[in-house]
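S.K.: sequence first, then the predicted structure, then my questions.
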Amino acid sequence: MTTTKVLRSAALTILLAAGVAAAKGKGPKQPPLYLSEAKLEALQFPLAPAPGSIVDKADLAQLHDWEKRRTKQQCAAAQAQSHAYFDEFFGDISPFVKPLPQEPADFLRQVQDDVDVAVGLIKDKNQRPRPFRHDSSLQPCLEKIGGLAYPSGHATLSHVYALMLSDLVPARNPAFITRANDAALYRVIGGVHHPSDIEAGKRLGDILFAQFMKDPAFQAQMGRLKAFLAPAAAPAVK
């Protein structure tokens, strides 16, 4: 094989690997593209429940209840979504062609990175610890991960993705929202988030999706996603 062919082959391998990594949500994180950090810093978002408050106590009671009645299957499902990749949330009901091409994979990953920035800013403002950090009697069936609890990043991101998919395929909105709700609940079942973290994540998802849809670049990319819908999911041409 000539040197030129070797170089082309190596370049193609790297490009394909990048596409696969993006499809799985991996690869280096990018700075926010569709959200302004200044606007996010100014975002007025409800504070986390205070320690010992009625809501906080209700959160812990629900966590203990789930710990008593959760199943191995539920814990396994929670573990399967632990990285918050698009494929983990929606892979089996995704409306896109398979395998997911690089362009939509890159777009979905950028959305994840933008959401991560927003979630991180609010978490830093609230400093709410994971439930097992202030109630040592709780025993999660997920890894006792670090980081903060409020709001849930999984709940926020899965909700944003569900709204994006619903915008592309409105008829499947119930399935997408149900899947996002299940993904969020698994974080409670797994013992790493309070129920109020989950509700906050859904609320933040609504806010962020509305902000995304005001961005011309995001709107344009959403339009391009339609070209990657599987034939059965693509809307009929009138």
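M.R.: Great, that's in hand.

S.K.: in what helix or strand does the most centrally placed residue in the chain lie?
M.R.: Most central in the chain under C-alpha atoms, centre = their mean is Leu157, positioned 2.6 Å from the mean C-alpha point. Assigned by DSSP states H and E, Leu157 belongs to helix 153-168.

S.K.: other SSEs contacting that helix?
M.R.: Helices and strands touching helix 153-168, as assessed by 3 or more C-beta pairs under 8 Å, 6 or more residues apart in numbering; DSSP states H and E, comprise helix 86-90, helix 102-126, helix 173-189, helix 195-212, helix 216-225. The way it works is simple: take the backbone N, C-alpha and C, and place the C-beta from them, glycine included.

S.K.: return the backbone torsion pair for Leu148.
M.R.: phi -110, psi 170 (degrees, to the nearest 10).

S.K.: start the count at 46, not 1, going forward
M.R.: Sure thing, new numbering starts at 46, so read that last one as Leu193.

S.K.: which pLDDT value goes with it?
M.R.: Among the per-residue scores, Leu193 holds a pLDDT of 98.

S.K.: thought it was touching Arg178?
M.R.: No. Using C-beta atoms under 8 Å, Leu193 makes no contact with Arg178, being 9.4 Å away.

S.K.: indicate which one of the helices and strands packed on helix 198-213 is closest to Ala121.
M.R.: helix 218-234 (9.9 Å; C-beta to C-beta).

S.K.: tilt between the closest one and helix 240-257?
M.R.: 140 degrees (axes from the mean of the first three to the mean of the last three C-alpha atoms, to 10 degrees).

S.K.: alpha carbons of helix 218-234, as PDB, please.
M.R.: This file holds the C-alpha atoms of helix 218-234, laid out as PDB (Å, rounded to 0.1, in the frame of the first residue of the first chain):
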ATOM      1  CA  ASN A 218     -44.600  12.800  21.600                       C
ATOM      2  CA  PRO A 219     -46.200  10.500  24.200                       C
ATOM      3  CA  ALA A 220     -43.500   7.800  23.700                       C
ATOM      4  CA  PHE A 221     -40.600  10.300  23.800                       C
ATOM      5  CA  ILE A 222     -41.900  12.100  27.000                       C
ATOM      6  CA  THR A 223     -42.600   8.800  28.700                       C
ATOM      7  CA  ARG A 224     -39.100   7.600  28.000                       C
ATOM      8  CA  ALA A 225     -37.600  10.800  29.300                       C
ATOM      9  CA  ASN A 226     -39.800  10.600  32.500                       C
ATOM     10  CA  ASP A 227     -38.700   7.000  33.000                       C
ATOM     11  CA  ALA A 228     -35.000   8.000  32.600                       C
ATOM     12  CA  ALA A 229     -35.500  10.700  35.200                       C
ATOM     13  CA  LEU A 230     -37.200   8.400  37.600                       C
ATOM     14  CA  TYR A 231     -34.500   5.900  37.400                       C
ATOM     15  CA  ARG A 232     -32.200   8.400  39.100                       C
ATOM     16  CA  VAL A 233     -34.500   8.400  42.100                       C
ATOM     17  CA  ILE A 234     -34.900   4.600  42.000                       C
END
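
S.K.: okay, the angle between it and helix 198-213?
M.R.: 180 degrees.

S.K.: helices and strands around helix 218-234, which ones?
M.R.: Secondary elements touching helix 218-234 (3+ C-beta pairs under 8 Å, 6+ apart): helix 99-114, helix 117-125, helix 131-135, helix 198-213, helix 240-257.

S.K.: now with 6 Å?
M.R.: Judged by 3 or more C-beta pairs under 6 Å, 6 or more residues apart in numbering; DSSP states H and E, helix 218-234 is in contact with helix 117-125, helix 198-213.

S.K.: quick revisit: can you point out the buried residues in the helix holding Leu202?
M.R.: Neighbour-count burial for helix 198-213, with 16 or more other C-beta atoms under 10 Å as criterion, is recorded at 198-211, 213.
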